[in-house]
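Trainee: dropping the sequence and predicted coords here.
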2 protein chains.
Amino acid sequence: MQLREDVIMAPEDPRRSRVTLLDVARQANVSRATASLVIRKSPLVGAETRQRVEDAIVALGYIYNMGAARLRAERSHTVGVIVPNLTNPFFAELLGGIEHAIDTAGMVVILANSGDLLTRQAAVIRRMREHGVDGLILCPAADTEEALPAQIGAWGLPAVQVLRQVTANADYAGADYAAGMRQAVDYLASLGHTDIAFAVHGPVHSAYHERVEGFREAMTARALQEDMIIRVPDQLGQIADATRLLFEQPRPATAVICFNDVIAHGVAAGLYDRGLTVGRDFSLVGFDDVTDAEAMRPRLTSVSTAPARIGENAARMLLERIANPGLPARRNVSATYLHIRQSCGPAPHFVT
Amino acid sequence: MQLREDVIMAPEDPRRSRVTLLDVARQANVSRATASLVIRKSPLVGAETRQRVEDAIVALGYIYNMGAARLRAERSHTVGVIVPNLTNPFFAELLGGIEHAIDTAGMVVILANSGDLLTRQAAVIRRMREHGVDGLILCPAADTEEALPAQIGAWGLPAVQVLRQVTANADYAGADYAAGMRQAVDYLASLGHTDIAFAVHGPVHSAYHERVEGFREAMTARALQEDMIIRVPDQLGQIADATRLLFEQPRPATAVICFNDVIAHGVAAGLYDRGLTVGRDFSLVGFDDVTDAEAMRPRLTSVSTAPARIGENAARMLLERIANPGLPARRNVSATYLHIRQSCGPAPHFVT
DNA sequence: GCGTCGATTTAGATCGATCTAAGTCCCCCG
DNA sequence: CGGGGGACTTAGATCGATCTAAATCGACGC
């Protein structure tokens, strides 16, 4: 009788009193503890009892209260993700990969944007701590101190660095940028190019250094001039104008490798503006190989880094670290490959 | 004496016993309740006491425990955001706008991807409820039942629809897609075009219908053939090939309006492949005006919808509804404008 | 000197789950 | 027939904040 009343009352006032585990337990004629075990899929509970509880759950429309569980169990089923910027499609793909892996693990992503600013980064990290995330995937803002990961570790918060690394003493998932640069340089050299520029922009961080170093080493290995490194604007709309810098060099470039596909896109526009045909008059290599590369004309040859895969790797590393905090620091540096399309051609006067 | 020991012990074991409000209270020689009031910036507490507590907070490195607060106070300072897809730069910009507005309100975003699938959408909504989000920003998956927002409302969960609407009985933030189509059609008509196609793809939902209807009405208003609506593939890489459909019509098109900039990008590539010059031989209008539009050559004329702004609007609406659940359903439909660049020219044989 | 009032402060109950440690049963073995 | 063990089940304490209702304390008016 009384139970029947409970059932009727529950949906009556949906705002103030939500259905709780105690309601479920009463409905199923078991204790709160048993109901809790059923929810957590413990093998300890009998088949018939389990069924009764599960029926009660759907009958009452019970919704698990993570907040309460977290308080007691110290696990929030929540992962913080901090990126420096959302509008670059590269980060969107990364985020997609992370979200997918985290979701299939039954957890959710709390997202924050550091804007590549140290103060904002500190603020969002604190906020993540307040929300009790189980772990952190962090693409460190430029100029992040090397000690930050250790600091985070001292707080007992598992974390992995993604795309950029500030220290080798913490987990890291990224791509082998230097090897990617080598692939690009070797390819252009095989087409006879000797005056190869590297167009860069954005903040300076480990991924930046790795690419610059990769470029320098690959160039010197072939006894080529390795200092044609050209800064272009951050805004896509303004990159085209900066293309002229490629020709205002002591020895004008005949090919350019771009720091990312955004720059490649802008430079392609700038070359078009000068009446040059990409792939014939000038060679162009991008970096990242995001989906747009396939739709450019001519199609863009680009070093593929597969950001979605990096995101999944980072998420998996984090989950493993959460499960086993004692692990030594690990690195997951995935290989890049050069996706050759149509944006490169032989150097002028070059005969194979 | 004993207090001193507490202070020393607190940092000793960072994992198991975190610093709690009670520790802060003891350190500041006040009660837990007073410390709580200080944290929540209540005006009830005296200036000198407040200072003591604030000092204790920094001295102990205290971190607020949202989870515990949520349990008692029924507010999680958390907002759920559900998008159908992350890789389209359009959604990335939307997400950026949402994140920014939510962040400045001191709350965080929990992100989920529905993949435009009803079953996944249901699953992620449930997960958001489990996490006790204070509100939901939802871009409904295609074929979402009209009753869903009412359902969510019945659960006591404030929600706003974004970009797509399944009912007028719930908050909605979007853009005036039909007006955008009208602007595009009028512009092309003013250049003398009469055979105007509309290239579409993707799932069918309210934003899709609004654009198709807007196209039809604008065309019939000018006594033009309004049924050249052409479906192209979803994958950017495959759109170029489908461009031939524009010419396999009873009366071949001389201009095309694209459902979004992704299609415009692909169609531009397809026109290039046929040896046609965009803006001279054929006219092209995009929709969304994402950042790439400026970098295409020729620059893409596109209907601007400002997704970041829509995201901010949606976030603001949600915050207002959370603050005041009694409000009637509201709509925020922002105006579009035609960003004219270089991808359109006069129709063949057309003399102004 | 006493009651009242405003300004602060506080004890203790409470939110909804999990965890620990201790029961129940029931069966089977010696 | 007593007891040991396996398979379940459960009472009650607990996590760390907030909220309610009440206490404390001068000061002030009468």
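Mentor: It's in.
Trainee: where does the residue in the stretch 251-352 of chain A positioned nearest to DNA strand D sit: helix, strand or coil?
Mentor: Nearest residue of the stretch 251-352 of chain A to DNA strand D, counting by CB to the nearest atom of the strand: A:Pro325, 17.8 Å away. For glycine as for every other residue, the C-beta is placed from the backbone atoms N, C-alpha and C. Under DSSP: H, G, I helix; E, B strand; the rest coil, A:Pro325 falls in the coil class.
Trainee: contacting residues for the residue lying closest to it once chain neighbours are set aside?
Mentor: Excluding its sequence neighbours, the residue lying closest to A:Pro325 (CB to CB, 6 or more residues apart in numbering or on different chains) is A:Pro158, at 6.0 Å. Each residue near A:Pro158 by CB atoms under 8 Å, 6 or more residues apart in numbering or on different chains is listed here: A:Asp134, A:Gly135, A:Leu136, A:Leu318, A:Arg321, A:Ile322, A:Pro325.
Trainee: what does chain A put close to DNA strand D?
Mentor: Taking CB under 7 Å from any atom of the strand as the test, the list of chain A residues beside DNA strand D reads A:29-34, A:37, A:43-50, A:71-72.
Trainee: give me the buried entries from the residues you listed.
Mentor: By neighbour count, with 16 or more other CB atoms under 10 Å in any protein chain shown, the residues of chain A next to DNA strand D hold A:Val30, A:Thr34, A:Leu37, A:Val45, A:Thr49, A:Arg50, A:Leu71 as buried.
Trainee: neighbours around the residue of the stretch 251-352 of chain A closest to DNA strand D, how many?
Mentor: Neighbour count of A:Pro325, defined by other CB atoms under 10 Å in any protein chain shown: 13.
Trainee: one more: A:Arg244?
Mentor: So A:Arg244, with other CB under 10 Å, has 11 neighbours.
Trainee: wait, doesn't it sit right on A:Asp273?
Mentor: No - at 9.4 Å, A:Arg244 does not count as touching A:Asp273 under the criterion of CB atoms under 8 Å.
Trainee: check the residue of the stretch 251-352 of chain A closest to DNA strand D and give its pLDDT.
Mentor: pLDDT for A:Pro325: 92.
Trainee: could you check how far it is from A:Leu318?
Mentor: Taking CB to CB, to the nearest Å as the measure, A:Pro325 falls 11 Å from A:Leu318.
Trainee: what do you get for A:Arg182?
Mentor: From A:Arg182 to A:Leu318 the distance is 29 Å (CB to CB).
Trainee: please apply the same query to A:Pro250.
Mentor: 48 Å.
Trainee: and those two? which has more neighbours close in?
Mentor: A:Leu318 (29 against 7).
Trainee: which element, helix or strand, includes that one?
Mentor: helix A:307-323 (DSSP states H and E).
Trainee: any buried residues in that helix, and which?
Mentor: Neighbour-count burial for helix A:307-323, with 16+ other CB under 10 Å as criterion, is recorded at A:307-319, A:321-322.
Trainee: nearest to chain B, of those residues?
Mentor: In terms of CB to the nearest CB, no member of the buried residues of helix A:307-323 lies closer to chain B than A:Ala308, at 8.2 Å.
Trainee: for that closest one, give me its contacts.
Mentor: Counted by CB under 8 Å, 6+ apart, A:Ala308 has contacts A:Glu93, A:Leu94, A:Gly96, A:Gly97, A:His100.
Trainee: go again with 6 Å.
Mentor: A:Ala308 makes contact with A:Glu93, A:Gly96, A:Gly97 under the criterion CB atoms under 6 Å, 6 or more residues apart in numbering or on different chains.
Trainee: next step: the residues you listed restricted to helices.
Mentor: Residues of the contacts of A:Ala308 located in helices (DSSP state H): A:Glu93, A:Gly96, A:Gly97.
Trainee: so what pLDDT did the first one get?
Mentor: The score at A:Glu93 is 93. That number is its pLDDT.
Trainee: wouldn't it be in contact with A:Pro307 here?
Mentor: Yes - here A:Glu93 reaches A:Pro307: they are 4.2 Å apart, a contact under CB atoms under 6 Å.
Trainee: so, low pLDDT: which residues of chain A?
Mentor: Per-residue confidence for chain A (pLDDT under 70) gives these ranges: A:1-17, A:350-352.
Trainee: what does it put close to DNA strand C?
Mentor: Residues of chain A lying near DNA strand C (CB under 7 Å from any atom of the strand): A:17-18, A:20-22, A:32-33, A:36, A:39-40, A:62, A:64-65, A:68-69, A:71-73.
Trainee: filter those residues down to the buried ones.
Mentor: A:Arg18, A:Thr20, A:Leu21, A:Ser36, A:Ile39, A:Tyr62, A:Tyr64, A:Asn65, A:Ala68, A:Ala69, A:Leu71.
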